[in-house]
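Asker: Provided below for reference: sequence and predicted model.
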Amino acid sequence: MKLKYERPVINKINAGMPDKYGMKVQTKAITEIDGLKISNLIEKFGSPAYVLSQQTIENTFTEVKRAFTNRYPKVQFAWSYKTNYLDAVCRVFHSLGSWAEVVSGFEYRKALNNGVEGKHIIFNGPDKSKGDLILAIEKGSLIHIDHFDELYMIMELTEVLSQRPKVAIRVNMDTGIYPQWDRFGFNYENGEAWNALNRIMLSGKMELVGLHTHIGTYILTPNAYAVAAAKLTDLAVNINRKYNHKIKYIDMGGGFATKNTLKGAYLSGADTCPSFDTYADAITSAIVNSEISPEDLPTLILETGRALIDDAGYLIGTVLANKRLADGRRSTIIDIGVNMLFTSFWYEHEIYPAKETSVHTEDTTIYGPLCMNIDVVRAAIQFPLLQKGDQVVIKRIGAYNMTQWMQFITLRPNIVLIDTKGETHIIRTAETNDTFLQHEKIPDYLIKN
Amino acid sequence: MKIKKNIAISQSGFAFDPNSGDSFSLNPIATEIVNLLKDDKDEQFITSHILEKYEIDEFTFQRNFDDFVQMLKHYQFVE
Ligand SMILES: Cc1ncc(COP(=O)(O)O)c(C=O)c1O
């Protein structure tokens, strides 16, 4: 029998300082997802393909939920549609008890179509058209007002609509973290939020049901949430004091970090990502320790996005070619580009071979297939010696990639959901040229014959 | 192609270039190939030797061999 082959490779040993490729050599492989072989998945669904594990979604959801319900009596999750609004994914979250959190008319209608009751849809964001607002008011949804123009538009609508709008305001604030997301909602420190709340209460035309904030995304400091929760409870206490009105909920938004490593970070995300328990502790302690009396504790709403779905998503693909760059560095081109991996602009994504390799690796740059210089999946990674045709797996890509993707140069591939029994389902079919023919129109004078 | 005489390579694939002071690590096949080159074996001999011994097709090996030789030149292993 012949011996197992491996490409010959020579690496220079750099003594002393670790170079930009880092010290950590990654040689392990991801050969399967939920018991299904990557090679079989690619054979069946093509390369590249997105794969989502429902089991992982459910496990993560259970873990986050437990962290909060162990500490607080009334907790409600609302699935942040923008994170991943494939209908099948939304329905998995709704089946687990999540409401919907949407930021556009498009997302709002998606939620209705997914069977979410109007009163369980939270409508956030600065872009709600008059038509969107009328629909949301009629359906009894929770409208989170972003700015005064919106507040006045809702007031105007109350003149002609019979329903009383259920509203909250989004509050932005200094929580000690940078950057401060002050472009959304009303500012706490300068009194704008308090001013908006007074307008709402004095108008008598809307029902103030909640207070909302979303302090940012990939927040590594749980204490920022404690600061934010304390500021919201402070507003709640003042409203009650002045108007004898109790708000029903405090919505802390999303923003929990995941184990993905941020670009330029010194330590890996796995080492720096706070646990769900620490976030839960920070938020619930701040509310429980506030002046709100125990019998009036508001429901705590969480719009957790990336932390609930990142781990469940994988991109599987194939090596197209290997090349040497002019300086001797190796480059590997794969069929997964930044057009389908938007988060590669923020993260050093973990990428693994789909079959076991030897311990030998080489300094490698991993490129996507696009004809553009920014199409870099990993600028510098110690990578095993893969050949053309070998398969790769990019881990932890469930959040934002299936919504912020760009259709550029290549077509968007199949998205496959593995259910909890290990059965596969295509939940979005690969695009074809026909997909585009359906939307494009050719003026008559450009049609020959 | 001649590998520089003074480049020492151990069985475990550790190579040292006394001129530059640089050291290198090679995987087993690379070590085997460098030793064959040191023995003045030509590409044809090396190819048939590898094809006989390992599970690999000729085209893939040739691509890998060319790439490897390029790296040997890059690291100035070649006279
Ligand atoms: C209002 C709001 N809620 C929730 C989220 C979800 O955030 P994350 O994915 O960081 O949890 C976002 C994301 O930007 C948001 O804008």
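Answerer: Structure's in. What do you need?
Asker: Over whatever helix or strand residue A:51 lives in, what's the mean pLDDT, rounded is fine.
Answerer: Here residue A:51 sits within strand A:49-53, counting by DSSP states H and E. For strand A:49-53, mean pLDDT is 98.
Asker: ok, residues contacting it?
Answerer: Applying Cβ atoms under 8 Å, 6 or more residues apart in numbering or on different chains, the contact partners of strand A:49-53 are A:33-34, A:41-42, A:89, A:312-317, A:340, A:397-398, A:401-402, A:413-418, A:427. Backbone N, C-alpha and C define where each C-beta goes, glycine included.
Asker: for residue A:291, what are its contacts?
Answerer: Counted by Cβ under 8 Å, 6+ apart, residue A:291 has contacts A:233, A:237.
Asker: Run through the helices of the stretch 151-300 of chain A in chain order.
Answerer: In the stretch 151-300 of chain A, the helices defined using DSSP state H, counting those that start in this stretch lie at A:192-203, A:222-243, A:269-272, A:276-288.
Asker: Out of those helices, flag the one nearest chain B.
Answerer: helix A:269-272 (26.8 Å; Cβ to the nearest Cβ).
Asker: if we look at the closest one, which residues are touching it?
Answerer: The contact list for helix A:269-272, computed with Cβ under 8 Å, 6+ apart, reads A:220, A:257-262, A:265, A:347.
Asker: Mind listing what's buried along that helix?
Answerer: Neighbour-count burial for helix A:269-272 flags residue A:269 (criterion: 16 or more other Cβ atoms under 10 Å in any protein chain shown).
Asker: Put the alpha carbons of it into PDB.
Answerer: C-alpha atoms of helix A:269-272 as PDB (Å, rounded to 0.1, in the frame of the first residue of the first chain):
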ATOM      1  CA  GLY A 269     -12.600  35.900  21.100                       C
ATOM      2  CA  ALA A 270     -12.900  32.600  22.900                       C
ATOM      3  CA  ASP A 271     -10.800  34.100  25.700                       C
ATOM      4  CA  THR A 272     -12.400  37.500  25.900                       C
END
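Asker: what about that helix, distance to the chain center?
Answerer: Offset of helix A:269-272 from its chain centre (Cα atoms, centre = their mean, to the nearest Å): 18 Å.
Asker: quick one on the thing from earlier: of the helices of the stretch 151-300 of chain A, which approaches residue B:16 most closely?
Answerer: Of all these, it is helix A:269-272 that lies closest to residue B:16, at 35.0 Å by Cβ to Cβ.
Asker: OK, contacts around the closest residue to residue A:274 other than its chain neighbours?
Answerer: Once flanking residues are discounted, residue A:274 sits nearest to residue A:222: 5.2 Å by Cβ to Cβ, 6 or more residues apart in numbering or on different chains. By Cβ under 8 Å, 6+ apart, residue A:222 lies in contact with A:274, A:278-279, A:281-282.
Asker: quick revisit: of the contacts of helix A:269-272, just say which sits nearest to chain B.
Answerer: residue A:261 (25.7 Å).
Asker: so the closest one makes contact with residue A:348?
Answerer: Yes - between residue A:261 and residue A:348 there is a contact under Cβ atoms under 8 Å: 4.7 Å.
Asker: What's the biggest helix in chain B, counting residues?
Answerer: Longest among the helix segments of chain B by residue count, using DSSP state H, is helix B:58-74.
Asker: what number of residues lie near residue A:330?
Answerer: 19 (other Cβ atoms under 10 Å in any protein chain shown).
Asker: where's it relative to chain B, distance?
Answerer: Per Cβ to the nearest Cβ, to the nearest Å, residue A:330 is found 8 Å from chain B.
Asker: about what we covered before: out of the contacts of helix A:269-272, who has the most neighbours?
Answerer: residue A:260 (25 neighbours).
Asker: show me the contacts for the nearest residue to residue A:187 once chain neighbours are set aside.
Answerer: Spatial nearest neighbour of residue A:187, chain neighbours left out: residue A:172 (5.6 Å); criterion: Cβ to Cβ, 6+ apart. By Cβ under 8 Å, 6+ apart, the contact set of residue A:172 is A:180-188, A:213, A:215.
Asker: could you dump those to CSV with neighbour count, pLDDT and distance to the ligand?
Answerer: CSV is the format used below for the contacts of residue A:172 (neighbours: other Cβ atoms under 10 Å in any protein chain shown; pLDDT from 0 to 100; distance: Cβ to the nearest ligand atom, whole Å):
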residue, neighbour count, pLDDT, distance to the ligand
A:180, 15, 83, 14
A:181, 18, 84, 8
A:182, 14, 85, 14
A:183, 10, 87, 11
A:184, 19, 93, 7
A:185, 26, 96, 9
A:186, 23, 97, 14
A:187, 17, 97, 16
A:188, 21, 97, 16
A:213, 28, 98, 9
A:215, 24, 95, 10
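Asker: Looking at those, spot the one nearest residue B:72.
Answerer: Using Cβ to Cβ, the contacts of residue A:172 come closest to residue B:72 at residue A:181, 53.4 Å.
Asker: Quick one: name the residues of chain B near chain A.
Answerer: With Cβ under 8 Å from any Cβ of the partner chain as the criterion, chain B meets chain A at residues B:15, B:22-30, B:32-33, B:50, B:52-56, B:60-61, B:64-65, B:67-68, B:70-72, B:74-75, B:77.
Asker: If any of the residues you listed are buried, give me the PyMOL selection for them.
Answerer: Applying 16+ other Cβ under 10 Å to the residues of chain B next to chain A leaves a buried subset, and the PyMOL line that selects it is:
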select buried, chain B and resi 15+24+25+26+27+29+30+32+33+50+56+61+64+65+67+68+71+72+74+75+77
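Asker: Can you name the residues of the stretch 201-350 of chain A sitting close to chain B?
Answerer: A:322, A:324, A:328.
Asker: could I get stretch A:300-319 in CSV with only the CA atoms?
Answerer: As requested, the backbone C-alpha atoms of stretch A:300-319 are provided in CSV (Å, rounded to 0.1, in the frame of the first residue of the first chain):
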residue,chain,number,x,y,z
LEU,A,300,-37.1,42.5,30.7
ILE,A,301,-37.0,42.3,26.9
LEU,A,302,-33.8,41.2,25.1
GLU,A,303,-33.2,41.6,21.4
THR,A,304,-30.1,39.5,21.4
GLY,A,305,-29.0,38.9,17.8
ARG,A,306,-25.5,37.7,17.0
ALA,A,307,-24.9,35.8,20.2
LEU,A,308,-27.9,33.6,19.5
ILE,A,309,-27.1,32.6,16.0
ASP,A,310,-23.4,33.1,15.2
ASP,A,311,-22.3,29.6,16.4
ALA,A,312,-25.1,27.9,14.5
GLY,A,313,-23.9,29.0,11.1
TYR,A,314,-21.2,27.5,8.9
LEU,A,315,-19.9,28.3,5.4
ILE,A,316,-18.6,25.2,3.6
GLY,A,317,-16.6,25.5,0.4
THR,A,318,-13.7,24.3,-1.7
VAL,A,319,-10.1,25.3,-2.5
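Asker: Thanks a lot, see you next time.
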